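>>> all I have is the shape, not the residue letters:
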């Protein structure tokens, strides 16, 4: 990777001229939230946070930095789980905040498209869709803070991927400022357009290393009118998979989410989170949370869910189940799933693995990775949960009871390696949703090496030959 | 673009050694079908057609050609509408046929994935899916001949894009032989995998100019169990769009196809195709063909369709409608749509435009492009039809009655320009489904020029620096 230059005082002046007084922040107190990541894994330094208000301003500052050979870290809501938006410790990189570029440019409920700037929060985008009678079918925990540009740059997933795909699948068009300051206006809202290489899919998921996404055309869907949610107790992960397959074969277009939880994970939630209760007669070792939804009027989703669960109970797949009778009950069932991370935090130290395998191999992953971790460290407590319908399990490991948290965390790499060895044997991925960022580039040669990594490096070199865009992220 | 070399006798010998006697064809009679495109727009020459039986053989021949600086034209079923798989006239390029690489490598009805080699026909892939109780949701007219590799390299669309997306949306993983003969094994079957740049989407739609797709993991869906098809007569294209919007808002997940036909186009079918009849009381100037489908048992699709059509008739959108009562009637309704091209051929000479616009602008496209062509040539007959639900209209123009076909075809560029001017004004695309091939690279600078085309050229240069992969296609 080529060397980059430190920002000179002259460059900072030039950037201030372009951006105006509101557009450039140098005060340490103001830049502080921009130099540390959400998980507090990394703390960098920067001379300035650049806050352009328009694509033209953004292009001008990127062009000025390119001319000066100064590197840039594009930053959305700064909610990365892998340090994807922190600047380097040496202060050589400028942070480029998209926060002021947050306008809805257009929305069309017939086309089912939303054209929106990168700095809008995901929630603002969802709200804009809702006000037009539509749904933006992407939802993640950080949606109140995470921004559209970051969501796309990291190809966010979430609970509804099983139905609507990842962020990548929702993008029809992009506007991107390239590393040399040129603007590519690819804000097309076409469902079919075979005119050369599919550039948009290269920038989606590139984590800001190839350019800065400044606006996007997102696909919307008609808003669901009916919902049905069930919590099911099961004897095994295999039974949970069988149930998923049963629902999917029955009415795949209605599956809004299909989440897996372990018995231990749910016990942690019941133990640590106030005001939650298990709405079943007896606890189990495995659970599934199913949500069906559809815009179809009078769809009878509840009857569909009941019919599927009845058969599944006859077949012994489901031990017990409850269907939400109200919006309050629906929220209560989801709370059992959503509080998993918080409950694990309160139980003690934990090591997180965001992994995926082919859907059919999820039960084998859960079984084998649990054994592997228990062999490594007696007393360790596996708490797998997450998006079974996508094959994406958050395979978290809780410290043995009574162990010193620091001593446990000192073993984090050994634990991650034990999980990853199983994932690899099952043709899985070491990063399903969270991406690579600054945390995982070292894993790329081992997992994506050879022709694949070489191709990525050639593309990086072709598009960002000076290596100015988000250095040190994604590629080793 | 760099110069390539003519294949030497030594290279041909080397390739014959790699491929064996069945794997290399030089006889003119045997190579003839490989040097001309389906529409007979181009006729090239080649010294040999290479027919590897495995990825290893294919990689070895690509490597040998790269070492010799000889160019290659990857070829599937050779059904391109834009001359995408024909070799150059000067005989400098070798044709690489995928036809012998046609195995199903794996199929998994729980994962809903099919791993298949590039040389399998689309129909063979559909059949493999069907035998596993699933549906490969991609269907195009040439599916009996077109091959998986070609379908992906051209990002094929078809009638069901409105529901399942384009070929691009069905690809989870790829195996690709790169221009230097290296193999990239990206045959992952993961629904979530955020580990670096999304290389597969770069090769999909690249028309063989960046490497050779040798195998793919395709998404399947559960097979529909119930279908409902209706033909509707309407007073305007606006009414057809309103009906589409009505069905979409009502039950989007059931829309399998939503096709538009003009009154004139249907009259041509009734006039020229034996054994077809209009199953409505009176002809109209606009028609929509709607297919709903779902795996959901006892879905009552017919009742859903009747309810929507009843409201649409009350609102004056639909003048008359018929719902198929049997599989035979369903086929008869679809025949009215499928025979459009053949009927136009029998009526006389025609000029084809495969264009797209945002869905909401289809009625405006039809109205304005019709006027533009009539102004250009009095008596010309616009016959727009196609995938209204995707905004993709085949805007074909039939010669004026009694005009000399050759004189009409001599005006083809002026006619295409008249249509394209409207398409452009509506933020549309000059190639929705068919791609660029050899026919349309000259249009790229005007439509995709500036930063976009420059990016494509940089990527081409980075991945295929010798310019050996399908020269003269896609990029000008």
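Structure's in. What do you need? The shown structure was predicted, so the numbers you read here are calculated from the model rather than taken from an experiment.

>>> wait, what's in contact with the most centrally placed residue in chain A?
Nearest to the mean C-alpha position of chain A, by Cα atoms, centre = their mean, lies residue A:156 at 3.5 Å. By Cβ atoms under 8 Å, 6 or more residues apart in numbering or on different chains, the contact set of residue A:156 is A:138, A:140, A:146, A:150, A:166, A:167, A:433. In this view, the C-beta of every residue, glycine as well, is placed from N, C-alpha and C.

>>> just residue A:344 next, same as before
Neighbour list for residue A:344: A:265, A:268, A:350, A:383, A:396, A:398 [criterion: Cβ under 8 Å, 6+ apart].

>>> what sits closest to it if chain neighbours are left out?
residue A:350 (4.8 Å; Cβ to Cβ, 6 or more residues apart in numbering or on different chains).

>>> next, count neighbours for residue A:422.
A count of neighbours around residue A:422, defined by other Cβ atoms under 10 Å in any protein chain shown, yields 23.

>>> no wait, residue A:264
Using other Cβ under 10 Å, residue A:264 has 17 other residues around it.

>>> distance of residue A:88 from chain B?
20 Å (Cβ to the nearest Cβ, to the nearest Å).

>>> would you agree that residue is in contact with residue A:470?
No - between residue A:88 and residue A:470 there is no contact under Cβ atoms under 8 Å: 10.2 Å.

>>> so what sits against both of the two?
residue A:71.

>>> neighbour count winner among these two?
The residue with more neighbours, out of residue A:88 and residue A:470, is residue A:470; 30 against 18, by other Cβ under 10 Å.

>>> contact partners for the more buried one?
A:71, A:72, A:73, A:74, A:84, A:85, A:207, A:208, A:209.

>>> just residue A:378 next, same as before
If you count contacts by Cβ under 8 Å, 6+ apart, residue A:378 has them with residue A:400.

>>> now the residue of the stretch 101-250 of chain A found nearest chain B, what's its secondary structure?
Residue of the stretch 101-250 of chain A nearest chain B, by Cβ to the nearest Cβ: residue A:201 (3.6 Å). Assigned by DSSP: H, G, I helix; E, B strand; the rest coil, the conformation of residue A:201 is helix.

>>> which residue packs closest to it, ignoring adjacent ones?
Using Cβ to Cβ, 6+ apart, the nearest residue to residue A:201 is residue B:201, at 3.6 Å.

>>> wait, that neighbour sits on residue B:168?
Yes - with contacts counted by Cβ under 8 Å, residue B:201 reaches residue B:168, the gap being 6.4 Å.

>>> which residues are common contacts for the two?
A:198, A:201.

>>> neighbour-wise, which of those two wins?
Between residue B:201 and residue B:168, residue B:201 has the larger neighbour count (other Cβ under 10 Å), namely 23 against 18.

>>> residue A:16 contacts residue A:10, correct?
No - look at residue A:16 against residue A:10 with Cβ under 8 Å: they stay out of range, at 10.7 Å.

>>> how far away is the residue lying closest to residue A:381 once chain neighbours are set aside from residue A:340?
Using Cβ to Cβ, 6+ apart and skipping residues adjacent in sequence, the residue nearest residue A:381 is residue A:398, 4.1 Å away. Residue A:398 sits 11 Å away from residue A:340, going by Cβ to Cβ, to the nearest Å.

>>> give me the common contacts of the two.
In contact with both residue A:398 and residue A:340: A:268, A:383, using Cβ under 8 Å, 6+ apart.

>>> where do the helices sit along the stretch 351-476 of chain A?
A:362-376, A:405-409, A:412-425, A:444-448, A:451-463 (DSSP state H, counting those that start in this stretch).

>>> can I get these in CSV with distance to residue A:240?
Converted to CSV, these look like this (distance: least, Cβ to Cβ, whole Å):
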stretch, distance to residue A:240
helix A:362-376, 7
helix A:405-409, 28
helix A:412-425, 18
helix A:444-448, 27
helix A:451-463, 32
